[in-house]
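Trainee: let's see this in three dimensions:
(one chain, ligands or ions: 2)
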Amino acid sequence: MAHLSTQHAQLLQHGDFLQLTLSNPDGLPSSQFTLPNGTTVSILDTGVICFEPVLSESNTKDIVLSCGVHGNETAPIEICAELVKDLLTGQLQLKHRLLVLFGNPAAINASTREITENLNRLFSGHHSMGAGLINAERKRAKALEEYVSRFYQEVRVTNVVPRNRYLYDLHTAIRGSRFEKFAVYPFLHNKPWQKAQFEFLQACDVTTVLLMQTPASTFSYYASNTHGADAFTIELGKVQPFGRNDMQRFAKARAALRQLVSEAAVSTVHFDEQQFQLYQVYRAINKQTQEFKLHFADDVENFTAYPQGTLLATDGDIEYRVEREGEAIIFPNAKVAIGQRAMLMVVPTTVAHNIA
Ligand SMILES: O=C(O)CCC(=O)N[C@@H](CCC(=O)O)C(=O)O
Ligand SMILES: [Zn+2]
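Mentor: Ligands and ions are numbered 1, 2, ... in the order given. Below is the predicted model of the structure:
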């Protein structure tokens, strides 16, 4: 084996890339080394680590797993840190190319959603709009876009099989949810939704899916729209501090993600829409003034529906009331910046008319 730096030797021994990231939240020099099983490991920056297994016929996927885009969403950070550790220490054998991202290390250290600005509203070039690259989150969004672009475009593998791109951006919700785990399927511009992706989500124990109807500045929409990846935001339960997550509740997601990266295919069952709760966005409510106020309690869960006419929120003189039977709330948050989404109203839907 070629000479290893002390840092690389330590990583091979304890596998704690999260700890290395959190000790260097503002950046890490790029470096590369090879695992005893032949996998190339490239540390590209703080929180950015790429694994490339030796060439093989079954190496057909380019997978991005991200977590900690919001710093206080810890369960996904624990899942990804463990996966990286097992790859580095050789306990898990990789089959496909994999890029793992710990999105916002400074916010993870501070145990907050964001430091200055919501990182998950800065993709698809939004980082450089308006005032431009004025804070660390804007710079990080631009850098993450560049790492993802390079990862998808610079494939060394030369087998003839077409490659497939994936990005699963793992989050947890601020409040509890009627359906504890759910996914956001970014707007596909009328391209068909993918059965295989619903099957993968079900393997992760995620059977509630929110279908978006418009472009967004989120990481998952960026990967889907810019890179043609099958991409999702996946919400795994409710925000908890490190060490307070009941990881048993995410056992299936953890196992399916490990299978995704380490086996030719994930064990799934055939898609049956009846097994899912599918929603689409009926309307987005954006915060317009500092007076924006929610008219229900903090412990009201995502996907709660109220009778028509119920007052949900006020924003100065504007009143938001339930307009439609079955309309339910999701992601209500009065603390967002002015102009940003403060709540989505969703209604049940189907994918039967446009699924491949
Ligand atoms: O619980 C909440 O209010 C927010 C949880 C969260 O961070 N959700 C993501 C969803 C991204 C998407 O719409 O794809 C976010 O708000 O960034
Ligand atoms: Zn989040």
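
Trainee: what sits against the one residue sitting closest to the centre of the chain?
Mentor: In the chain, the centroid-proximal residue (C-alpha atoms, centre = their mean) is Asp169; its distance is 1.2 Å. Going by C-beta atoms under 8 Å, 6 or more residues apart in numbering, Asp169 touches 66-67, 69, 120, 218-220, 223, 231-234. All C-beta spots, glycine's among them, are computed from the backbone N, C-alpha and C.

Trainee: quick check: pLDDT value at Val269.
Mentor: The per-residue pLDDT reported for Val269 equals 98.

Trainee: what number of residues lie near it?
Mentor: Residue neighbour count, defined by other C-beta atoms under 10 Å, stands at 9 for Val269.

Trainee: let me see the contact set for it.
Mentor: If you count contacts by C-beta under 8 Å, 6+ apart, Val269 has them with 199, 202-203.

Trainee: for the protein, what are the low-confidence residue spans?
Mentor: 1-3, 157-160 (pLDDT under 70).

Trainee: grab the longest helix from it for me.
Mentor: helix 136-153 (DSSP state H).

Trainee: what helices and strands are in contact with that one?
Mentor: In terms of contacts (3 or more C-beta pairs under 8 Å, 6 or more residues apart in numbering; DSSP states H and E), helix 136-153 is packed against strand 40-45, strand 48-52, strand 61-67, strand 97-102, helix 219-227.

Trainee: now the ones you listed as CSV including distance to ligand 2?
Mentor: Listed next are the helices and strands packed on helix 136-153 as CSV, based on distance: least, C-beta to the ion, whole Å:
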stretch, distance to ligand 2
strand 40-45, 21
strand 48-52, 18
strand 61-67, 9
strand 97-102, 13
helix 219-227, 10
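
Trainee: re earlier: from the contacts of Asp169, which single one is nearest Phe292?
Mentor: Asn120 (19.4 Å; C-beta to C-beta).

Trainee: close enough to count as contact, that closest one and Thr218?
Mentor: Yes: counting by C-beta atoms under 8 Å, Thr218 is a contact partner of Asn120 at 5.2 Å.

Trainee: common neighbours of those two, please.
Mentor: With C-beta under 8 Å, 6+ apart as the test, Asn120 and Thr218 both reach 169, 233.

Trainee: re earlier: of the contacts of Asp169, buried ones?
Mentor: The neighbour-count test (16 or more other C-beta atoms under 10 Å) marks 66-67, 69, 120, 218-220, 223, 231-234 as buried among these.

Trainee: got the angle for the longest helix of the chain vs strand 48-52?
Mentor: 10 degrees (axes from the mean of the first three to the mean of the last three C-alpha atoms, to 10 degrees).

Trainee: flag every buried residue along the helix or strand just after helix 136-153.
Mentor: Next in sequence after helix 136-153, counting helices and strands by DSSP states H and E, comes strand 164-173. The neighbour-count check on strand 164-173 (16+ other C-beta under 10 Å) flags 165-173 as buried.

Trainee: farthest-separated two in these?
Mentor: Arg165 and Ala173 (25.9 Å).

Trainee: quick check: phi and psi at the closest residue to Pro53 other than its chain neighbours.
Mentor: Excluding its sequence neighbours, the residue lying closest to Pro53 (C-beta to C-beta, 6 or more residues apart in numbering) is Leu94, at 4.4 Å. Leu94 has phi and psi values of phi -80, psi 140 when expressed as degrees, to the nearest 10.

Trainee: gap between Leu94 and Cys50?
Mentor: Distance of Leu94 to Cys50, computed by C-beta to C-beta, to the nearest Å: 11 Å.
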